[in-house]
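# predicted model and sequence follow; I will ask about them next.
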Amino acid sequence: MLEQSVKTDIVVVGGGLAGVCAAVAAARLGQTVALVQNRPVLGGNSSSEVRVWVCGATGHGVNRYARETGIMGELFVENQYRNMEGNPYYWDLVVLETVRAEPNIQLFLNTDVHEVEADGPEDDRSISAVIGWMMGSERRIRFEGGVVLDCTGDGLVGFLAGAKYRIGREAKAEFNEDWAPEIADDITLGSTILFYSKDAGRPIKYVPPSFAKDITQTSIPVRRVIRSGDSGCHYWWIEWGGELDTVNENERIRDELWSVIYGIWDYIKNSGQFDADNMTLEWVGSLPGKREYRRFIGDYMLNQNDVVAQRPFDDRVAFGGWSIDLHPPQGMYAAESGSKHFHADGNYSIPFRSLYSANVSNLLFAGRNISASHVAFGTTRVMATCAVIGEAAGTGAALCAQKGVTPRALQAEHMGELQQTLLRQDASVIGLRNADPQDLARTASVEASSTLTLAHWPLCGTGSAAYAHTLEKPVGILVPVDPRLDGVELLVDAEEETELVVEVWETGRAENYIPHRFVSRHSCRVARGGQQWAAVDLSGSPIPPVPCNVFLVVRENPQLRLRSGDGLIFGLLGFDYHGDLPFEELPADSQRVTLWRMGPYNRKAMCVRLSPGTQAYAADKTVDGYVRPYGGPHLWMSEAVREGREEWLRLEWPSAVGVREIHLTFNDDVNEDLINLHHHTTPFSIMPELVKDCRIEVLTDGGWTVLERLQDNRKRKRIVVLPAVVAASALRVVVESTNGSPFAQVIEVRVYG
């Protein structure tokens, strides 16, 4: 047997998306990392071994501008380019190559950690090493690092180190959570095995194995949806084990899930109730995808009230937005629905204090094992959220290693630096702005070749008004106001003379995109006729004279149709209302965010004229500190690109500065819900809003000089490092082409010497 010792700055155990993002984040900050994974592939439940699709803050279209950025965002966008069809093996490669691209990471696959060396009293322990066994190579490997991250999902490393943890559901009284049981118990969410089917093009018989369950003797055919053409994500409800110990009873749970899957397929193939003669099983999972086990105790336990209130923690480092998604303990045999959901009004924040152990001084954790109550865990557990938590924890670990401090000390003494480091890496954090004193762009004046103002959209010859939407129900229009809105004109068709009524609503929180507080009501007369501009005077509305989003509600009127055209204007959204009650009469606890859906307005720009136009897309938005929408879109957008004309963004300083590194963040439309596997398909491989070709120029004594050309770009964040410092009084980003958008769009420019 070979004994091996590996010493790195940081040890990350667990190669799911949380562990991958933690390892990559730390490595990019210059720390050496050992990434230890007990399976032959990375990705955890998202891998080809389990095939759960990656859910996150978008809630699959519920939340607006919610898709994750940072490392998880890179994975989404790269997978979309390589793997639009959702092949699970190609997804494996996207994740693997992201890790292999980092020279500071040593990757150990098929390595199962089963020992932890930790010292100290119960309330102040420290991990000195974790020890694993590499299957196939018969190697016993000792991993040593100053900081350890438990990203195992089940929390094995922390458990072996003596970290405090919980399993099961807290009592309602502990955190005053409405969705918690009256009495604490050991109930968890169960595990799932998925299957794939396909049409073989010819009759295929199916002889069920002896252990296949006769599901007609269960409640499954009555309580659950079964269709012959469905597979994969449609069968997420094949869940069991919530009343058992999902780790100690893992094999029993697997066998029960197998018996049901093969029984469901017998029912589909041989009951005569389905058109399934040519269908065959293509793949059946062999690993139960676990949802829940240990949850560690940190310096703060996130709870239901934090999520619902969208509490803006001072130490926020990541966000989520999936619903609080809890399942009945009986899983697939339950009489009630397979899940129940509660959606907050928008995305919520996750504090750094929930990512490190309360009693093991050098232990951080990320994924479904963070410090959260069972109810809050119902939303933090989904994989894209686990991934952004991983990036935050890995970034924190890197700073701990650099400074020689514990995570608790980092939170107390260096929180601002951690948050600013996350922003510099384009990580998923809400409502924080760049305050990096070394960023030279913050001191520059900024101008652009042109700016979209929405004073008139569509412009002549650059758009259309091809779609007409009858106002059977209210329609919402999200408008970026900057600095004021005196009036709006909408393009409408009227079957007869009538009245157009528009209400102004505030969105409440800057990260929310639904009507929250009524401001004012306005109207105008509309003559009979098609495609006419109806002007509504809003000058008397007490809209705050500051940059913000305003939600305009166009009230129902079956005599009117609103016009929209193909294309997307980032920051301008249309919504259908889907509630049974008038939305202004909804109870306070209604899940309002689920009732306003983009539906027919998805990627269709509303035809509007804003008076006096908006400055929300002005050039200086690229240095205002925000890299995500927050009370406005926060990017520069040119007018529609015209043939033969290049659009440019220019930064200028009073005197020459030394330029060595340039960070460009392009718009990849975080409102678009991307997916890694097969839940849905997005019809383009590259986000159309992304800049495709551009050149970076600097102004020196000799005039404008091209420093770099970016060609065939398909990424959101690009960092250009020059071989030497260049003295320049101005810098210009010249956009030569996009990937399909009629606008040049840049979210942020940073410049470092």
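Everything's here; your move. Residues are numbered from 1 along each chain as shown.

# what about the residue nearest to Ser450 when sequence neighbours are not counted, helix or strand, and which?
Of all residues not flanking Ser450 in the chain, Glu639 sits nearest, at 4.1 Å (C-beta to C-beta, 6 or more residues apart in numbering). C-betas here are computed from N, CA, C, even on glycine. Assigned by DSSP states H and E, Glu639 belongs to no helix or strand.

# right, and Glu639 touches Leu452 too?
Yes: under the criterion of C-beta atoms under 8 Å, Glu639 makes contact with Leu452 at 5.4 Å.

# spit out the residues that contact the two alike.
Residues touching both Glu639 and Leu452 by C-beta atoms under 8 Å, 6 or more residues apart in numbering: Phe743.

# give me the pLDDT value at His678.
Looking at His678, its pLDDT stands at 81.

# hang on, I meant Thr622
At Thr622, pLDDT is 98.

# contacting residues for it?
441, 446, 635-636, 649, 746-749.

# export those to TSV and tack on secondary structure and distance to Ser354?
Formatted as TSV, the contacts of Thr622 follow (DSSP: H, G, I helix; E, B strand; the rest coil; distance: C-beta to C-beta, whole Å):
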residue	secondary structure	distance to Ser354
Ala441	helix	33
Val446	strand	37
Leu635	coil	31
Trp636	strand	35
Leu649	strand	38
Val746	strand	34
Ile747	strand	28
Glu748	strand	28
Val749	strand	33
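
# between Glu639 and Leu452, who's got more neighbours?
Counted by other C-beta atoms under 10 Å, Glu639 and Leu452 do not tie: Leu452 has more neighbours, with 25 against 19.

# off-centre distance for stretch 299-306?
20 Å (C-alpha atoms, centre = their mean, to the nearest Å).

# scratch that, stretch 66-81
Chain-centre distance of stretch 66-81: 8 Å, with C-alpha atoms, centre = their mean.

# what's the domain layout of this protein?
Domain assignment for the chain by automatic domain parsing gives 2-164+298-334+342-424, 191-284, 440-449+640-752, 467-611.

# now the end-to-end length of the shortest one.
It stands for domain 191-284. With C-alpha to C-alpha, to the nearest Å as the measure, domain 191-284 spans 15 Å from end to end.

# pLDDT on it, on average?
Rounded mean pLDDT across domain 191-284 is 96.

# check the last one too.
Taken as a whole, domain 467-611 carries a mean pLDDT of 95.

# who are the contact partners of the residue nearest to Ser450?
With C-beta under 8 Å, 6+ apart, Glu639 has these contacts: 450-452, 459, 647, 743.

# closest to Ala23 out of those?
Phe743 (36.4 Å; C-beta to C-beta).

# I'd assumed the closest one was in a helix, is it?
No: going by DSSP: H, G, I helix; E, B strand; the rest coil, the assignment for Phe743 is coil, not a helix.

# how many residues are close by it?
Neighbour number of Phe743 under other C-beta under 10 Å is 25.

# just to check, it is in contact with Trp636?
No: under the criterion of C-beta under 8 Å, Phe743 is not in contact with Trp636, lying 9.4 Å apart.

# in the stretch 301-450 of the chain, which spans are strands?
316-320, 324-326, 340-342, 348-351, 363-365, 445-448 (DSSP state E, counting those that start in this stretch).

# just those: most buried one?
strand 363-365 (a mean of 32; mean count of other C-beta atoms under 10 Å).

# on that earlier part again, which of the domains of the chain sits closest to Tyr630?
The nearest among the domains of the chain, by C-beta to C-beta, is domain 467-611 at 4.9 Å.

# OK, contacts around Phe175?
Phe175 neighbours (C-beta under 8 Å, 6+ apart): 301, 303-305, 373, 375.

# at 10 Å instead, please
Phe175 makes contact with 301-306, 373-376, according to C-beta atoms under 10 Å, 6 or more residues apart in numbering.

# got it, and Phe570?
Applying C-beta under 10 Å, 6+ apart, the residues near Phe570 are 65, 452, 480, 605, 616-617, 629, 633-635, 637, 667, 669-671, 689, 741, 743, 745, 747.

# which one, of the strands of the stretch 301-450 of the chain, ends up nearest to Glu174?
Of the strands of the stretch 301-450 of the chain, nearest to Glu174 by C-beta to C-beta is strand 324-326, at 16.3 Å.

# if you count contacts, what does the closest one end up packed against?
helix 304-309, strand 340-342, helix 374-380 (3 or more C-beta pairs under 10 Å, 6 or more residues apart in numbering; DSSP states H and E).

# which of the contacts of Thr622 sits closest to Gly658?
Distances from Gly658 to the contacts of Thr622, taken as C-beta to C-beta, are shortest for Ala441 (13.2 Å).

# need phi/psi at Thr507.
Dihedral angles of Thr507 (phi, psi; degrees, to the nearest 10) stand at phi -90, psi 0.

# roughly how far is stretch 151-165 from the heart of the chain?
26 Å.

# before we move on, what about stretch 19-31?
Distance, centroid of stretch 19-31 to centroid of chain: 19 Å (C-alpha atoms, centre = their mean).

# please apply the same query to stretch 400-407.
For stretch 400-407, the distance to the chain centre is 28 Å (C-alpha atoms, centre = their mean).

# what's next to that stretch, contact-wise?
With C-beta under 10 Å, 6+ apart, stretch 400-407 has contacts from 8-10, 26, 29-33, 126, 145-147, 298-299, 352-353, 355-357, 360-365, 393, 396-397, 399, 408-414, 417-418.

# swap in stretch 121-130?
In contact with stretch 121-130 (C-beta under 10 Å, 6+ apart) are residues 5-7, 11, 13, 34, 36, 113-120, 141-148, 150, 156-158, 160-164, 357-363, 406.

# which of the residues you listed fall in helices?
Of the positions in the contacts of stretch 121-130, 156-158, 160-161 sit in helices, assigned by DSSP state H.

# closest to Arg254 out of those residues?
Nearest to Arg254 among the ones in helices among the contacts of stretch 121-130, with distances taken as C-beta to C-beta, is Leu156, at 18.2 Å.

# which residues are in contact with that closest one?
Taking C-beta under 10 Å, 6+ apart as the test, what Leu156 contacts is 13-14, 38, 112-114, 116, 130, 150, 247, 293-294, 369.

# of those - the most surrounded one?
For those, the largest number of neighbours (other C-beta under 10 Å) sits with Asp150, at 37 neighbours.

# isn't that one right up against Gly19?
Yes: taking contacts as C-beta atoms under 10 Å, Asp150 lies within contact range of Gly19: 9.0 Å.

# what touches both of the two?
12-13, 366-367, 393.

# pipe those residues into TSV and attach pLDDT and distance to Asp277 per row.
Output for these, formatted as TSV (pLDDT from 0 to 100; distance: C-beta to C-beta, whole Å):
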residue	pLDDT	distance to Asp277
Val12	99	48
Val13	98	47
Ala366	98	47
Gly367	98	43
Ala393	99	50
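
# out of the contacts of Thr622, which is nearest to Leu572?
When the contacts of Thr622 are compared for distance to Leu572 (C-beta to C-beta), Leu635 wins out at 12.6 Å.

# chain neighbours aside, what residue packs nearest to Ile167?
Arg294 (5.8 Å).

# got the contact list for the one you found?
Arg294 touches 150, 152-156, 158-159, 163, 165-167, 188, 247, 365, 368-369, counting by C-beta under 10 Å, 6+ apart.

# same thing but 8 Å
Arg294 touches 154-155, 158-159, 165-167, 369, counting by C-beta under 8 Å, 6+ apart.

# which of the contacts of stretch 121-130 count as buried?
6, 11, 13, 34, 36, 113, 116, 118, 141-148, 150, 156-158, 160-164, 357-363, 406 (16 or more other C-beta atoms under 10 Å).
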